[in-house]
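**Q** Need a 3D model of the sequence below.
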Amino acid sequence: MLKSRYEGQSVEQALQQGLEDLNVQEKQVRIDVINEGRKGVFGFMKQDAQIELTVIDPELKQFESIEALKERHQEAQSENINNVNSKTEAPAQVTKQETTQDDIQTEDEENQQRLQKKDSLNEVANRTLEYVLNIIKEMDIDVDGSYEIKSNTIYINMTSSKAAFIIGKRGQILNALQVVGQNYMHQFVKGYYSLILDIESYREKRKETLEQLAQNMAKKAIQTKRPVKLEPMPNFERKIMHQAVSKIENIETYSEGREPHRYLVIKYKV
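**A** Presented below is the predicted three-dimensional model:
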(Lines give C-alpha, C1' and ligand atoms only; values in the text may rest on other atoms or scores of the structure.)
Protein backbone atom coordinates (compact mmCIF):
# COMPACT_ATOMS: atom_id res chain seq x y z
CA MET A 1 0.00 0.00 0.00
CA LEU A 2 1.33 3.44 -0.96
CA LYS A 3 1.20 5.74 2.05
CA SER A 4 3.32 8.42 3.68
CA ARG A 5 3.14 10.61 6.79
CA TYR A 6 3.52 14.39 6.98
CA GLU A 7 3.74 16.96 9.75
CA GLY A 8 2.90 20.64 9.94
CA GLN A 9 1.80 23.39 12.29
CA SER A 10 -1.79 22.50 11.38
CA VAL A 11 -3.60 19.61 9.69
CA GLU A 12 -4.20 21.75 6.61
CA GLN A 13 -0.53 22.72 6.38
CA ALA A 14 0.54 19.07 6.68
CA LEU A 15 -2.02 18.13 4.02
CA GLN A 16 -0.80 20.78 1.57
CA GLN A 17 2.79 19.68 2.17
CA GLY A 18 1.85 16.06 1.48
CA LEU A 19 -0.12 16.85 -1.68
CA GLU A 20 2.78 18.90 -3.05
CA ASP A 21 5.34 16.24 -2.12
CA LEU A 22 3.40 13.45 -3.84
CA ASN A 23 2.15 15.77 -6.59
CA VAL A 24 -1.40 14.48 -6.24
CA GLN A 25 -4.88 15.91 -5.79
CA GLU A 26 -6.80 15.57 -2.53
CA LYS A 27 -9.37 13.25 -4.13
CA GLN A 28 -6.59 10.81 -5.11
CA VAL A 29 -5.61 10.03 -1.51
CA ARG A 30 -7.24 8.99 1.76
CA ILE A 31 -6.44 11.37 4.61
CA ASP A 32 -6.03 10.00 8.13
CA VAL A 33 -5.33 12.48 10.93
CA ILE A 34 -2.82 10.90 13.33
CA ASN A 35 -2.44 13.96 15.55
CA GLU A 36 -4.31 17.26 15.25
CA GLY A 37 -1.40 19.03 16.95
CA ARG A 38 -1.25 21.37 19.89
CA LYS A 39 -0.03 24.95 20.15
CA GLY A 40 1.10 24.68 23.76
CA VAL A 41 1.65 27.59 26.11
CA PHE A 42 4.46 30.07 25.40
CA GLY A 43 6.00 27.50 23.08
CA PHE A 44 6.03 24.69 25.66
CA MET A 45 4.30 21.33 25.07
CA LYS A 46 3.79 22.28 21.46
CA GLN A 47 3.03 19.44 19.04
CA ASP A 48 2.88 19.50 15.26
CA ALA A 49 -0.10 18.03 13.49
CA GLN A 50 0.54 14.70 11.79
CA ILE A 51 -1.41 13.04 8.99
CA GLU A 52 -1.06 9.96 6.83
CA LEU A 53 -1.87 10.02 3.12
CA THR A 54 -2.78 6.73 1.44
CA VAL A 55 -3.01 6.59 -2.36
CA ILE A 56 -6.46 5.39 -3.49
CA ASP A 57 -6.38 6.40 -7.15
CA PRO A 58 -6.26 3.14 -9.20
CA GLU A 59 -3.86 4.60 -11.75
CA LEU A 60 -1.40 5.84 -9.11
CA LYS A 61 -1.59 2.58 -7.14
CA GLN A 62 0.28 0.91 -10.02
CA PHE A 63 3.53 2.48 -8.81
CA GLU A 64 5.68 0.10 -6.79
CA SER A 65 6.71 2.59 -4.10
CA ILE A 66 6.19 6.14 -2.79
CA GLU A 67 9.61 7.05 -4.22
CA ALA A 68 8.56 5.91 -7.69
CA LEU A 69 5.34 7.90 -7.34
CA LYS A 70 7.26 11.07 -6.46
CA GLU A 71 9.80 10.63 -9.25
CA ARG A 72 7.26 10.08 -12.03
CA HIS A 73 7.11 13.80 -12.95
CA GLN A 74 10.81 14.40 -12.33
CA GLU A 75 11.66 11.79 -14.95
CA ALA A 76 9.24 13.35 -17.41
CA GLN A 77 10.61 16.83 -16.73
CA SER A 78 14.19 15.58 -17.09
CA GLU A 79 13.31 13.98 -20.39
CA ASN A 80 11.67 17.19 -21.61
CA ILE A 81 14.71 19.23 -20.55
CA ASN A 82 17.00 16.84 -22.40
CA ASN A 83 14.83 17.14 -25.49
CA VAL A 84 14.95 20.93 -25.29
CA ASN A 85 18.71 20.94 -24.71
CA SER A 86 19.30 18.58 -27.60
CA LYS A 87 17.45 20.99 -29.85
CA THR A 88 19.10 24.17 -28.58
CA GLU A 89 22.69 22.94 -28.24
CA ALA A 90 23.61 23.40 -31.89
CA PRO A 91 27.01 24.32 -33.38
CA ALA A 92 27.76 28.01 -33.81
CA GLN A 93 27.66 27.60 -37.60
CA VAL A 94 25.11 25.30 -39.18
CA THR A 95 25.30 24.48 -42.85
CA LYS A 96 22.60 23.05 -45.05
CA GLN A 97 24.59 19.81 -45.36
CA GLU A 98 24.32 19.25 -41.56
CA THR A 99 20.50 19.01 -41.73
CA THR A 100 20.00 15.33 -42.35
CA GLN A 101 16.95 13.45 -43.51
CA ASP A 102 16.72 11.84 -40.04
CA ASP A 103 16.41 15.28 -38.40
CA ILE A 104 13.57 16.24 -40.71
CA GLN A 105 11.83 12.92 -40.14
CA THR A 106 12.16 13.22 -36.33
CA GLU A 107 10.68 16.72 -36.35
CA ASP A 108 7.80 15.57 -38.56
CA GLU A 109 7.11 12.67 -36.19
CA GLU A 110 7.04 15.00 -33.17
CA ASN A 111 4.65 17.37 -34.92
CA GLN A 112 2.46 14.45 -35.88
CA GLN A 113 2.41 13.19 -32.28
CA ARG A 114 1.40 16.61 -31.00
CA LEU A 115 -1.43 16.79 -33.52
CA GLN A 116 -2.58 13.27 -32.64
CA LYS A 117 -2.57 14.11 -28.93
CA LYS A 118 -4.61 17.26 -29.58
CA ASP A 119 -7.07 15.38 -31.76
CA SER A 120 -7.34 12.61 -29.17
CA LEU A 121 -8.05 15.08 -26.35
CA ASN A 122 -10.66 16.83 -28.46
CA GLU A 123 -12.33 13.49 -29.06
CA VAL A 124 -12.33 12.73 -25.32
CA ALA A 125 -13.78 16.17 -24.57
CA ASN A 126 -16.50 15.71 -27.19
CA ARG A 127 -17.38 12.26 -25.87
CA THR A 128 -17.55 13.56 -22.31
CA LEU A 129 -19.73 16.49 -23.39
CA GLU A 130 -22.19 14.17 -25.15
CA TYR A 131 -22.21 11.80 -22.18
CA VAL A 132 -23.07 14.56 -19.68
CA LEU A 133 -25.69 16.14 -21.95
CA ASN A 134 -27.37 12.76 -22.49
CA ILE A 135 -27.63 12.21 -18.74
CA ILE A 136 -29.33 15.59 -18.34
CA LYS A 137 -31.65 14.95 -21.28
CA GLU A 138 -32.68 11.67 -19.62
CA MET A 139 -33.91 13.91 -16.78
CA ASP A 140 -36.30 15.40 -19.36
CA ILE A 141 -34.37 18.69 -19.44
CA ASP A 142 -33.37 20.42 -22.66
CA VAL A 143 -29.73 21.47 -22.56
CA ASP A 144 -26.96 22.54 -24.94
CA GLY A 145 -23.25 22.75 -24.31
CA SER A 146 -19.75 23.24 -25.66
CA TYR A 147 -16.27 22.45 -24.43
CA GLU A 148 -12.94 24.24 -24.17
CA ILE A 149 -9.54 22.74 -23.37
CA LYS A 150 -7.01 24.71 -21.32
CA SER A 151 -3.81 22.98 -20.29
CA ASN A 152 -4.89 19.74 -18.56
CA THR A 153 -8.46 20.80 -17.88
CA ILE A 154 -11.59 20.29 -19.98
CA TYR A 155 -14.21 22.99 -19.40
CA ILE A 156 -17.81 22.18 -20.33
CA ASN A 157 -20.18 25.14 -20.44
CA MET A 158 -23.91 24.50 -20.71
CA THR A 159 -27.07 26.52 -21.29
CA SER A 160 -30.62 25.58 -20.37
CA SER A 161 -33.93 27.22 -19.51
CA LYS A 162 -34.02 24.87 -16.51
CA ALA A 163 -30.53 25.62 -15.23
CA ALA A 164 -31.72 25.65 -11.61
CA PHE A 165 -32.73 21.98 -11.85
CA ILE A 166 -29.28 21.06 -13.20
CA ILE A 167 -27.48 23.07 -10.52
CA GLY A 168 -29.49 21.83 -7.53
CA LYS A 169 -29.23 23.06 -3.95
CA ARG A 170 -25.83 24.78 -3.52
CA GLY A 171 -24.64 23.13 -6.72
CA GLN A 172 -25.02 19.56 -5.44
CA ILE A 173 -26.47 18.15 -8.68
CA LEU A 174 -23.96 20.00 -10.85
CA ASN A 175 -21.08 18.78 -8.67
CA ALA A 176 -22.38 15.20 -8.86
CA LEU A 177 -22.60 15.45 -12.65
CA GLN A 178 -19.04 16.76 -12.70
CA VAL A 179 -17.79 13.74 -10.73
CA VAL A 180 -19.66 11.34 -13.01
CA GLY A 181 -18.34 13.13 -16.10
CA GLN A 182 -14.77 13.10 -14.81
CA ASN A 183 -14.94 9.38 -14.05
CA TYR A 184 -16.21 8.78 -17.58
CA MET A 185 -13.46 10.97 -19.05
CA HIS A 186 -10.72 9.06 -17.22
CA GLN A 187 -11.67 5.90 -19.12
CA PHE A 188 -10.15 7.42 -22.24
CA VAL A 189 -7.35 9.71 -21.07
CA LYS A 190 -4.31 9.00 -18.93
CA GLY A 191 -2.50 11.45 -16.67
CA TYR A 192 -3.68 14.44 -14.66
CA TYR A 193 -6.70 15.74 -16.51
CA SER A 194 -9.66 17.30 -14.75
CA LEU A 195 -13.18 18.30 -15.75
CA ILE A 196 -14.98 21.52 -14.80
CA LEU A 197 -18.71 21.53 -15.46
CA ASP A 198 -20.55 24.87 -15.52
CA ILE A 199 -23.91 26.22 -16.57
CA GLU A 200 -25.05 29.82 -17.03
CA SER A 201 -21.82 31.08 -15.30
CA TYR A 202 -22.88 29.44 -12.02
CA ARG A 203 -19.28 28.67 -10.97
CA GLU A 204 -18.27 32.35 -11.00
CA LYS A 205 -21.37 33.35 -9.02
CA ARG A 206 -20.79 30.52 -6.56
CA LYS A 207 -17.15 31.60 -6.17
CA GLU A 208 -18.24 35.11 -5.16
CA THR A 209 -20.74 33.66 -2.68
CA LEU A 210 -18.13 31.37 -1.10
CA GLU A 211 -15.59 34.18 -0.79
CA GLN A 212 -18.13 36.40 0.96
CA LEU A 213 -19.20 33.54 3.23
CA ALA A 214 -15.59 32.78 4.14
CA GLN A 215 -14.92 36.38 5.11
CA ASN A 216 -18.09 36.56 7.22
CA MET A 217 -17.24 33.30 9.01
CA ALA A 218 -13.70 34.54 9.63
CA LYS A 219 -15.13 37.62 11.34
CA LYS A 220 -17.36 35.35 13.43
CA ALA A 221 -14.36 33.21 14.44
CA ILE A 222 -12.45 36.33 15.51
CA GLN A 223 -15.39 37.68 17.52
CA THR A 224 -16.25 34.41 19.29
CA LYS A 225 -12.66 33.05 19.49
CA ARG A 226 -14.16 29.67 18.57
CA PRO A 227 -13.73 27.49 15.44
CA VAL A 228 -16.44 27.83 12.81
CA LYS A 229 -17.34 24.61 10.98
CA LEU A 230 -18.93 24.93 7.56
CA GLU A 231 -21.11 22.45 5.71
CA PRO A 232 -19.47 19.69 3.60
CA MET A 233 -18.38 20.82 0.16
CA PRO A 234 -16.09 19.63 -2.66
CA ASN A 235 -12.35 20.13 -2.49
CA PHE A 236 -12.26 22.91 -5.11
CA GLU A 237 -14.86 24.93 -3.18
CA ARG A 238 -12.95 24.52 0.09
CA LYS A 239 -9.86 25.85 -1.67
CA ILE A 240 -11.77 28.95 -2.78
CA MET A 241 -12.72 29.69 0.82
CA HIS A 242 -9.23 28.93 2.09
CA GLN A 243 -7.73 31.42 -0.37
CA ALA A 244 -10.37 34.03 0.49
CA VAL A 245 -9.22 34.24 4.13
CA SER A 246 -5.56 33.25 3.75
CA LYS A 247 -4.39 36.84 4.26
CA ILE A 248 -6.61 37.62 7.24
CA GLU A 249 -4.47 37.98 10.37
CA ASN A 250 -4.98 35.44 13.19
CA ILE A 251 -7.11 33.14 11.02
CA GLU A 252 -6.26 29.63 9.89
CA THR A 253 -8.28 27.08 7.92
CA TYR A 254 -8.16 23.32 7.64
CA SER A 255 -10.41 20.48 6.50
CA GLU A 256 -11.92 17.70 8.59
CA GLY A 257 -13.92 14.56 7.85
CA ARG A 258 -13.82 12.24 4.87
CA GLU A 259 -15.15 12.69 1.38
CA PRO A 260 -17.88 13.35 0.45
CA HIS A 261 -18.56 14.77 3.93
CA ARG A 262 -15.29 16.67 4.30
CA TYR A 263 -15.78 20.25 5.50
CA LEU A 264 -13.76 23.40 6.15
CA VAL A 265 -12.99 24.78 9.61
CA ILE A 266 -12.15 28.47 10.07
CA LYS A 267 -10.29 29.00 13.33
CA TYR A 268 -9.03 31.98 15.28
CA LYS A 269 -5.39 31.62 16.32
CA VAL A 270 -3.58 33.66 18.95
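**Q** Quick check: phi and psi at Val124.
**A** phi -60, psi -40 (degrees, to the nearest 10).
**Q** number of nearby residues for it?
**A** 21 (other CB atoms under 10 Å). Just so you know, the C-beta spots here come from the backbone N, C-alpha and C atoms, and that holds for glycine as well.
**Q** mind checking how far it is from Pro58?
**A** Relative to Pro58, Val124 is positioned 18 Å away (criterion: CB to CB, to the nearest Å).
**Q** Per the annotation, how does the protein divide into domains?
**A** Residue ranges for the domains of the chain, per automatic domain parsing: 1-89, 113-200, 202-270.
**Q** now those domains as JSON lines including mean pLDDT?
**A** Shown next, in JSON lines, are those (pLDDT from 0 to 100):
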{"stretch": "domain 1-89", "mean pLDDT": "73"}
{"stretch": "domain 113-200", "mean pLDDT": "89"}
{"stretch": "domain 202-270", "mean pLDDT": "92"}
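**Q** any idea where the strands of the stretch 151-270 of the chain begin and end?
**A** For the stretch 151-270 of the chain, applying DSSP state E, counting those that start in this stretch gives strands covering 153-159, 194-199, 228-229, 251-256, 263-268.
**Q** now the angle from the last one to strand 251-256?
**A** An angle of 150 degrees separates the directions of strand 263-268 and strand 251-256 when computed by axes from the mean of the first three to the mean of the last three CA atoms, to 10 degrees.
**Q** mind listing what's buried in strand 263-268?
**A** 264-268 (16 or more other CB atoms under 10 Å).
**Q** any chance of these in a markdown table, plus distance to Leu230?
**A** Below are those laid out as a markdown table (distance: CB to CB, whole Å):
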| residue | distance to Leu230 |
| --- | --- |
| Leu264 | 5 |
| Val265 | 7 |
| Ile266 | 7 |
| Lys267 | 12 |
| Tyr268 | 15 |
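**Q** Out of those residues, flag the one nearest to Met217.
**A** Within the buried residues of strand 263-268, the smallest distance to Met217 is 4.9 Å, found for Ile266 (CB to CB).
**Q** returning to that earlier point: TSV for the strands of the stretch 151-270 of the chain, including distance to Gln215?
**A** Shown next, in TSV, are those (distance: least, CB to CB, whole Å):
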stretch	distance to Gln215
strand 153-159	27
strand 194-199	23
strand 228-229	12
strand 251-256	10
strand 263-268	10
